[in-house]
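*Asks:* Sequence first, then the predicted structure, then my questions.
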Amino acid sequence: MPAAEIQYECHNEFRSDTFTVPTPAMIASVATCSVGDSVYKEDKDTLALEAKIANMAQKEAALFCVSGTLSNQIALRAHLNQPPHRILCDFRGHVYAHEAGGLATLSQAMVTPVIPSNGTYLTLEDIIDNYIPDDGDIHMAPTKVVSLENTIHGIIMPIEEIERISYWCRENNVKLHLDGARLWNASAETGVSIADYCKYFDTVSLCLSKTLGAPIGSILVGEKRLIEKANHFKKQNGGGIRQAGMLARMASIAVDENFSKLHQAHLYALDVAKFCEANGMTLECPCDTNFVFLDPKKVKINPSVLAACAKKNDVKVMGNRFAFHFQNSLVAIENLKKTLLEAYQDSLANPYVSRGAVRLYRSVSQSSESTVVSPEDHKEKK
Ligand SMILES: Cc1ncc(COP(=O)(O)O)c(C=O)c1O
Ligand SMILES: C[C@@H](O)[C@H](N)C(=O)O
């Protein structure tokens with residue numbers, strides 16, 4: 001049943017599902033967790049979590065990491081040998097767009113950021129049209145890894161396309177990584193198991209701290225030898241965790257207790273997506289899972305006006321993306337709709353034209369110390 005009453009501090013949080021919080025059961029479990037040193041692979045709860053997720057993914061090994069960024073970056077580095085080399089991904093891919101340039105520093109890799117020709121997800125044709133073969137041309141950095149993301153912007157990548165890409169990569173000696181931060185959401189919506197998604201990839205990074213509600217952590221799965229190498233890069237970059245048991249135990253409970261709640265978040269998102277479309281607000285992409293993206297080219301809402309309306313209606317938002325999770329409350333969902341409608345109605349009279357690179361995570365939000373302004377203060381310069 002959806003949470004009508006307010007159960008969680010983050011019930012009105014729509015900036016991201018990274019704001020989900022540990023449940024009481026997770027917090028209580030810490031009292032009895034193991035306290036071994038996980039750098040020496042001696043923490044029982046960490047080993048148990050890694051074994052559980054490796055089994056779920058039907059992969060040889062798994063590695064508990066403090067973040068999805070670390071999990072992605074050490075996986076991609078472990079696939080690579082020495083430059084010149086290149087990674088191909090979606091131009092929106094987190095590994096390229098939001099991991100602080102890690103591909104340049106840790107992997108010294110060139111990146112081919114590809115805009116999907118269908119506007120939604122990468123196809124094999126998109127990859128082939130942008131792939132640089134390792135054919136001895138000394139002008140080029142050859143493509144050694146393709147990094148996909150599923151879901152990407154909440155969009156579910158069809159498994160038939162994943163299969164085509166996987167087959168081609170294996171035929172062409174290209175490694176295939178999946179940023180599966182929200183693969184849980186894809187699985188919850190399609191019914192395709194985590195293992196049936198993972199079988200197409202050499203490595204998969206699964207986040208535990210977002211849609212599932214764990215306080216910290218991601219898990220990287222893959223072949224034992226690759227995971228051991230990734231662990232080397234994990235330690236090199238300060239990712240070794242001593243008594244990780246308390247984090248691993250909470251993450252394990254998150255998988256057991258919250259995976260089944262993801263569909264509710266998707267229903268929240270779909271409700272708001274339909275509300276937006278019914279009121280003239282165009283979506284930037286389909287609402288497949290737990291994200292609603294408004295098209296900023298057509299819905300010219302002023303971020304400051306949105307922040308002012310959000311503050312008034314006690315919801316937290318940022319940018320043109322609205323994230324949903326199982327800890328949202330129904331009252332907050334209704335307050336979000338009110339917020340969007342008020343800000344949109346203002347934009348019809350005062351359209352806001354943004355300039356510069358899309359900074360999805362840098363917009364004014366309720367939590368920032370920005371000065372809250374009234375809609376009247378923001379009229380488009382004639
Ligand atoms: C698709 C995707 N991959 C990876 C990450 C990185 O995860 P973390 O914030 O734990 O580094 C995020 C951010 O939350 C993400 O949205
Ligand atoms: C902020 C960004 O890194 C995060 N992955 C999110 O989706 O909110």
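*Replies:* That came through fine. Ligands and ions are numbered 1, 2, ... in the order given.

*Asks:* Can you tell me the closest non-neighbouring residue to the closest residue to ligand 2 within the chain?
*Replies:* Per C-beta to the nearest ligand atom, Ser16 is where the chain lies closest to ligand 2, at 3.2 Å. Glycine gets a C-beta too; all of them are placed from N, C-alpha and C. Using C-beta to C-beta, 6 or more residues apart in numbering and skipping the chain neighbours, the partner closest in space to Ser16 is Ala323 (4.8 Å).

*Asks:* bridging residues for that neighbour?
*Replies:* Phe291 (DSSP bridges).

*Asks:* check contacts around the nearest residue to Glu42 once chain neighbours are set aside.
*Replies:* Leaving aside its sequence neighbours, Glu42 sits nearest to Gly36 (C-beta to C-beta, 6+ apart; 3.8 Å). Taking C-beta atoms under 8 Å, 6 or more residues apart in numbering, we find Gly36 in contact with Glu42, Asp43, Lys44, Thr46, Gln243, Gly245.

*Asks:* Spatially, which two of the residues you listed are the most separated?
*Replies:* Lys44 and Gln243 (11.2 Å; C-beta to C-beta).

*Asks:* Quick check: which element contains the residue nearest to Glu42?
*Replies:* For Gly36, there is no host helix or strand (DSSP states H and E).

*Asks:* how far away is it from Gly238?
*Replies:* 20 Å (C-beta to C-beta, to the nearest Å).

*Asks:* which residues in the stretch 51-200 of the chain form helices?
*Replies:* 68-79, 94-97, 102-105, 124-128, 159-171, 183-190, 194-198 (DSSP state H, counting those that start in this stretch).

*Asks:* would JSON lines of those helices with mean neighbour count, distance to ligand 1 and mean pLDDT be doable?
*Replies:* Listed next are those as JSON lines, based on neighbours: other C-beta atoms under 10 Å; distance: least, C-beta to the nearest ligand atom, whole Å; pLDDT from 0 to 100:
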{"stretch": "helix 68-79", "mean neighbour count": "26", "distance to ligand 1": "3", "mean pLDDT": "98"}
{"stretch": "helix 94-97", "mean neighbour count": "22", "distance to ligand 1": "4", "mean pLDDT": "98"}
{"stretch": "helix 102-105", "mean neighbour count": "18", "distance to ligand 1": "10", "mean pLDDT": "98"}
{"stretch": "helix 124-128", "mean neighbour count": "16", "distance to ligand 1": "19", "mean pLDDT": "98"}
{"stretch": "helix 159-171", "mean neighbour count": "16", "distance to ligand 1": "16", "mean pLDDT": "98"}
{"stretch": "helix 183-190", "mean neighbour count": "22", "distance to ligand 1": "10", "mean pLDDT": "98"}
{"stretch": "helix 194-198", "mean neighbour count": "19", "distance to ligand 1": "15", "mean pLDDT": "98"}
